[in-house]
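Q: Predicted model and sequence follow; I will ask about them next.
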Amino acid sequence: MTARRRLLALAALALAPALGIAQGTATPGWPAKTVRIVVGFPPGSSPDLTARTFAEPLSQALGQPVIVENKVGAGGNIGADAVAKATDGHTIGLFINGNLTIAKLINPQVPYDPARDLAPLSLIGVSPLVLTAPVGQEGVPSTGDARAFLAAARAAGDRWSYGTPGVGTVGHLGTELLKARTGINPVHIPYPGYPQVATAMGGGQLQMALLPPALALSQERAGKIRRIGVTSAGRSTLAPEVPSLAEAGVRDFQLEIWNAFAAPAGMPAPVRERLSALLADIARSPDVRAKLFAQGWQAVGSSAEGLANRMQADTAAMGRVIREQKITAQ
């Protein structure tokens, strides 16, 4: 290659991001219209907030409007199915763990297969959950000590209930695993999303729930709930003042939630590659990293391959919980 050709090649590489080229792959004519981000949870939920955080910078990068569309129900699986079946070439989804891992394992009737029908784009953020309880709950010490709380939960047996965003979500499987590790036995009550769980607990209809850190903190500041412990192996940077459940003696229990973008498996590979690179870059940008942290997420911004590996590992791990606890769709 001549010196002139080398210079031209380097110039083309330098211009690639400005021209909307991801990973060296041009996508002429795309996007030709508005891009939809489908979210399977209500407005104001954690996945919804994350999707809306990405909508504006993604629109700027693509030169087309990007809108968020909420298709609520079945623990996010209605939205996931809508993405899996989308054929317009301009629809992607923002998902939580369960939608991309064990949806089909826990309920064979789920109409899509995460491994077959959805193509990974980028792992966006990860977070532990926070075990929470209502303020002033009868029979529970006001200090929020995890050991005392779990002792009260064991004594209550099935008179207590816990809320989650739905059967098969990480909040559900995680609480079932916590039950197995600690001997507690609260009854599961599913809700459309985490905000509804927090509202129900603040109103005294639930005795406990695993909530995302940002939601738990906001509800605690409002005087509605208190935080008992985080599900990470040690203290989390998202809630460094909250002890881990491991510190209270809960062994073999570590749990993370995450969110990620995925596309219909039928979306052309060059388009998926471009979206994957753009979404990862947006997630790692200082402004979006700060917004994600404020929402309770440690930003990742992985490659499509990185997300695929996480999906495979979590499917195996949560699959064991499903089998051990004999969890089925209700």
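A: Cool, the structure landed.
Q: Arg154 against Pro186, yeah?
A: No - applying Cβ atoms under 8 Å, one finds Arg154 not in contact with Pro186, separated by 10.2 Å. (C-beta placed from N, C-alpha, C; glycine too.)
Q: For the two, work out which one has more neighbours and name it.
A: Pro186 (21 against 13; other Cβ atoms under 10 Å).
Q: which one is the more buried one nearest to, not counting chain neighbours?
A: Nearest residue to Pro186, sequence neighbours excluded (Cβ to Cβ, 6 or more residues apart in numbering): Trp160, at 4.0 Å.
Q: State the distance from the one you found to Asp81.
A: Distance of Trp160 to Asp81, computed by Cβ to Cβ, to the nearest Å: 33 Å.
Q: Over to Leu245?
A: Leu245 is 34 Å from Asp81, by Cβ to Cβ.
Q: In the chain, where is pLDDT below threshold?
A: Low-confidence segments of the chain (pLDDT under 70): 1-26, 144, 330.
Q: Have a look at it and report its longest helix.
A: helix 304-325 (DSSP state H).
Q: So which elements touch it?
A: Packing contacts for helix 304-325, counted by 3 or more Cβ pairs under 8 Å, 6 or more residues apart in numbering; DSSP states H and E, involve helix 97-100, helix 103-106, helix 114-117, strand 118-128, helix 170-182, strand 256-264, helix 269-284.
Q: nearest to Gln137, of the ones you listed?
A: The closest of the helices and strands packed on helix 304-325 to Gln137 is helix 170-182. By Cβ to Cβ, the value is 16.5 Å.
Q: can you give me the offset of the closest one from its chain's centre?
A: The chain centroid and the centroid of helix 170-182 are separated by 17 Å, computed with Cα atoms, centre = their mean, to the nearest Å.
Q: Give the buried residues for the longest helix of the chain.
A: 304, 306-308, 310-311, 314-315, 318, 321-322 (16 or more other Cβ atoms under 10 Å).
Q: Surely Ser161 and Ile189 touch.
A: Yes - counting by Cβ under 8 Å, Ser161 does reach Ile189; the two are 5.1 Å apart.
Q: The two - which one has more neighbours?
A: Ser161 (17 against 14).
Q: how about the closest residue to the more buried one other than its chain neighbours, what does it touch?
A: For Ser161, the nearest residue in space outside its immediate sequence neighbours is Val187; the separation is 4.5 Å by Cβ to Cβ, 6+ apart. By Cβ atoms under 8 Å, 6 or more residues apart in numbering, the contact set of Val187 is 158, 160-162.
Q: hmm, try it at 10 Å
A: Applying Cβ atoms under 10 Å, 6 or more residues apart in numbering, we find Val187 in contact with 157-162, 206-207.
Q: Next, give phi and psi for it.
A: Dihedral angles of Val187 (phi, psi; degrees, to the nearest 10) stand at phi -90, psi 140.
Q: can you check Ile228 too?
A: phi -100, psi -50.
Q: give me the number of residues near it?
A: 26.
Q: And it, how far from Val135?
A: 12 Å.
Q: One more: Gly266?
A: Counting by Cβ to Cβ, the gap from Gly266 to Val135 is 49 Å.
Q: neighbour-wise, which of those two wins?
A: Val135 (17 against 12).
Q: Let me see the ranges of the helices in the protein.
A: 3-15, 46-62, 77-85, 97-100, 103-106, 114-117, 146-156, 170-182, 194-202, 213-221, 269-284, 286-294, 304-325.
Q: picking that back up, higher neighbour count, Leu245 and Asp81?
A: Leu245 (29 against 23).
Q: Not counting residues beside it along the chain, what's closest to Gly163?
A: That would be Val197: by Cβ to Cβ, 6+ apart, it lies 3.9 Å from Gly163.
Q: I'd guessed Phe253 sits against Glu176; true?
A: No - in this structure Phe253 lies outside contact range of Glu176 using Cβ atoms under 10 Å: 11.3 Å.
Q: Counting neighbours, go ahead and name the busier of those two.
A: A side-by-side neighbour count of Phe253 and Glu176, using other Cβ under 10 Å, places Glu176 first with 19 against 16.
Q: Grab the nearest non-local neighbour of that one.
A: Closest to Glu176 by Cβ to Cβ, 6+ apart is Gln325, at 4.7 Å.
Q: again with Asn97
A: Val170 (4.8 Å).
Q: and that neighbour, what does it touch?
A: By Cβ under 10 Å, 6+ apart, the neighbours of Val170 are 75, 96-98, 101-102, 129, 164, 177, 210, 231, 255-258, 314, 318, 321.
Q: try 7 Å
A: 96-98, 255, 257 (Cβ atoms under 7 Å, 6 or more residues apart in numbering).
Q: Would you mind putting those residues into CSV with distance to Thr237 and neighbour count alongside?
A: Shown next, in CSV, are the contacts of Val170 (distance: Cβ to Cβ, whole Å; neighbours: other Cβ atoms under 10 Å):
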residue, distance to Thr237, neighbour count
Ile96, 21, 28
Asn97, 20, 27
Gly98, 24, 29
Leu255, 16, 25
Ile257, 15, 25
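Q: Right, I'll leave it there.
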